[in-house]
Every structure is written in structure tokens, then in C-alpha cells.
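**Student:** no FASTA, just this:
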Ligand code: NAD
């Protein structure tokens, strides 16, 4: 087993074999999710790509297949902003022989406030409620496959959050970055509470900030955000570098049994004080269960 190396300041490259492991990755048709899928397939994992668009999903699956050193990848289609589609997806994934790693990666930022088919604010629904619901529905499968890992892609943007539990839908004051920051704070609070609930089950939950990465991210943001990203993009990490902390958390024996952490560049880091508030984490969990109809 090779020692972890750090390249481009991004995170360790684990090189840890993942043969026989089944990894489900949401948002696998571009950016960090696709790069992580390619990397894990190259380590021997069997990757299940969860994508919204069939054509882009098939293209990504071809790339993952070309890198695969283990089982053949497969594709599952779902619009994760819909609770019904998340439930259908979970039902199909529950039919897999096992799930060793669930990667909650799909996410976006949206310029104007939009509602999903379920009448929920889109950013919060996709970035937080979808991983919340999918993970909970797959919990029996993950426990049966244990030791298993849940890895959720959060962001340092959580530090700009102003989460009001009485206005999760941002009906009173919407801005794209506030909605995004709140959803990424929710990812960390979710991970914290999930880790507490999973204690002793053999399933761990961790989250990460991938760095600032050159992906399709921001393309649904404002013209200013897109211009800013275009100017700064040459200085961003590549998707492969951005995927490293994710792959590290999915595969490394160094984090085996570690749970509830927030990682940056392969290192455990303290997130914001709000992200470490267990009472807020519990209250958000209960509200999320209500909003997703989870009993
Ligand atoms: P990306 O836009 O390339 O990838 C996002 C993925 O989510 C895409 O595959 C997209 O198809 C998928 N997705 C979006 N809406 C969906 C829906 N309704 N149903 C199913 N899938 C949907 O961007 P990325 O940068 O690779 O983003 C991946 C994750 O990384 C996100 O959670 C993002 O918040 C996080 N992140 C990115 C950066 C960065 O600098 N790029 C920084 C911090 C965190």
C-alpha cells in the first residue's frame, strides 16, 4: 500500500485498493463526482453513477468504464430535487448486492429563487434534503454492508451561512449565495447528527470541502458569478485534485472508524461554530424528516 502523497496542495492520493467495494456516487456526470468515480473505479471499485441526464450519464459511464479495474460501472437516472425520484432511486439501489460507499455529491447554486416540484426551495432541496432522504432510505443497506461509509460534499461556503430554522425555504430573504451557504452548512450538520445516530452500526459519515475546483459549478448562478469563475478558473484545482479528499474519505484506512468529521485537503478541520452545534443539528434533522416525509 503506497503512502498518501499530496499533489498541488489538494489532498492525499491514497492508492488504496477498493476491489469488491460498491460505490454509489450522485452527480457523477461532471466535475468532482465524475473525477471521483473515475479514481475509485481505477482503484478497483464498482461504481454506480447517479445522474440526471441520460446522455451525459452515458458519456461519464464510458470514461469510468475505461478507467475501471474492477466491476463494470452502471448508471442510475434520477432528478434528485424530487423526493419521489429519490425514493424510486433508493428502491432500485436497495437491490444492489451491497453498498460500501455512498457519496452525496450532487449540488448546485441558483441565481433566482426556484421551487421544486415538491414546492421546496431548490438549492436546499437538492443540496441537503436529497442526501438526507437518500442516506436514510439506504441506511439498512449500508448497515448490512458494513463497514460502510457515507461521504458528503459540503463546502467552506458554509461559513457564510445564516441558517434560520423558521425560514429554511428562504421565503423572506433569498440570495443565491445565502441559499448555497445554508445548504452546505446543512450538509455538515447532517453529517454530524448522522454520525451520532450511526454510532456502533459499522457505518461512518464524514464530509469535506473539495477546494475551489474548475467544474460546471456556478453555471446556474448569476452573470457576475459566471464571469468571476471564468476569470479565476485557471487558478482553481482540477476536478481530479478536487476529488482527492473525497476518494481519501471513501477509501483510506486512515479514516476507518472515524465519523462526524469535516475534512479539507485530506485533513480533519473544525467547521464554523454553528456547524458544531449539536442542538441545531438535531432540530435540522427533525425538520428535514418532516419535509421529506420520513417517518
Ligand atoms: P458540477 O456542476 O460539475 O457537478 C454537480 C453535479 O450535480 C452534476 O453532475 C449535476 O448534473 C448534478 N446535479 C445537479 N442538479 C441535479 C439534480 N436535480 N438531480 C441530479 N443531479 C443533479 O459541480 P461540482 O463542483 O463538481 O459540484 C459537486 C459538489 O461539490 C457540489 O455539492 C458542490 O456544492 C461542491 N463544491 C464544489 C466546489 C467547487 O469549487 N466546484 C467547492 C465546494 C463544494
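**Tutor:** Perfect, thanks for sending it. All values derive from a computational prediction rather than experimental measurement. Numbering: from 1, shown residues only.

**Student:** For the stretch 151-295 of the chain, which residues are neighbours of the ligand?
**Tutor:** Contacts of the stretch 151-295 of the chain with the ligand, taken as Cβ under 6 Å from any ligand atom, map to 153, 155, 209, 210, 212, 213, 215, 216, 217. Just so you know, the C-beta spots here come from the backbone N, C-alpha and C atoms, and that holds for glycine as well.

**Student:** Drop anything exposed from the residues you listed.
**Tutor:** 153, 155, 209, 210, 212, 213, 215, 217 (16 or more other Cβ atoms under 10 Å).

**Student:** tell me the phi and psi of the last one?
**Tutor:** Read it as residue 217. With angles defined as degrees, to the nearest 10, residue 217 sits at phi -60, psi 140.

**Student:** for the third one, same thing?
**Tutor:** The main-chain torsion angles of residue 209 are listed as degrees, to the nearest 10 and equal phi -110, psi 130.

**Student:** what sits against it?
**Tutor:** Neighbour list for residue 209: 154, 155, 156, 245, 262, 263, 264, 269 [criterion: Cβ atoms under 8 Å, 6 or more residues apart in numbering].

**Student:** I'd like to know which of the residues you listed is nearest to the ligand.
**Tutor:** Set against the ligand, the nearest of the contacts of residue 209 by Cβ to the nearest ligand atom is residue 155 (3.5 Å).

**Student:** So the closest one is in contact with residue 186, correct?
**Tutor:** No: judged on Cβ atoms under 8 Å, residue 155 makes no contact with residue 186 at a distance of 11.0 Å.

**Student:** And the residue of the stretch 101-250 of the chain closest to the ligand?
**Tutor:** residue 107 (2.4 Å).

**Student:** Does that residue belong to a helix, a strand or coil?
**Tutor:** coil (DSSP: H, G, I helix; E, B strand; the rest coil).

**Student:** Check the burial of it by counting its neighbours.
**Tutor:** For residue 107, the neighbour count with other Cβ atoms under 10 Å is 26.

**Student:** what's the most distant pair in the residues of the stretch 151-295 of the chain next to the ligand?
**Tutor:** Spanning the widest gap among these are 209 and 216, at 18.0 Å by Cβ to Cβ.

**Student:** mind listing what the residue nearest to residue 163 when sequence neighbours are not counted touches?
**Tutor:** With Cβ to Cβ, 6 or more residues apart in numbering as the measure, residue 182 is the residue that lies nearest to residue 163, at 4.9 Å, once sequence neighbours are left out. Residue 182 sits next to 123, 124, 161, 162, 163, 168, 170 when contact means Cβ under 8 Å, 6+ apart.

**Student:** And the residues you listed, which is closest to residue 200?
**Tutor:** Nearest to residue 200 among the contacts of residue 182, with distances taken as Cβ to Cβ, is residue 163, at 28.8 Å.

**Student:** Would you map the strands across this protein?
**Tutor:** 5-6, 12-13, 22-26, 46-51, 74-77, 101-104, 148-153, 203-209, 262-264, 267-269 (DSSP state E).

**Student:** in the stretch 101-250 of the chain, which ranges drop under the pLDDT threshold?
**Tutor:** Scanning the stretch 101-250 of the chain for pLDDT under 70 picks out 221.

**Student:** Close to the ligand: what parts of the stretch 1-150 of the chain are there?
**Tutor:** Counting by Cβ under 6 Å from any ligand atom, the stretch 1-150 of the chain sits next to the ligand at 27, 29-33, 52, 79-81, 105-108, 126.

**Student:** Out of those, which is nearest to residue 146?
**Tutor:** Closest to residue 146 out of those is residue 105 (21.4 Å), distances taken as Cβ to Cβ.

**Student:** where do the helices sit along the protein?
**Tutor:** Remark: helices assigned in the chain by DSSP state H are 31-42, 54-67, 83-93, 122-124, 130-145, 176-198, 223-232, 239-242, 244-251, 278-292.

**Student:** how about the protein, which residue sits the furthest from its center?
**Tutor:** residue 172 (27.4 Å; Cα atoms, centre = their mean).

**Student:** tell me the contacts of it?
**Tutor:** For residue 172, counting by Cβ under 8 Å, 6+ apart, there are no contacting residues.

**Student:** Also residue 159?
**Tutor:** Per Cβ under 8 Å, 6+ apart, neighbours of residue 159: 181, 271, 272.

**Student:** now those as TSV including neighbour count and distance to residue 90?
**Tutor:** Formatted as TSV, these follow (neighbours: other Cβ atoms under 10 Å; distance: Cβ to Cβ, whole Å):
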residue	neighbour count	distance to residue 90
181	23	27
271	23	27
272	16	30
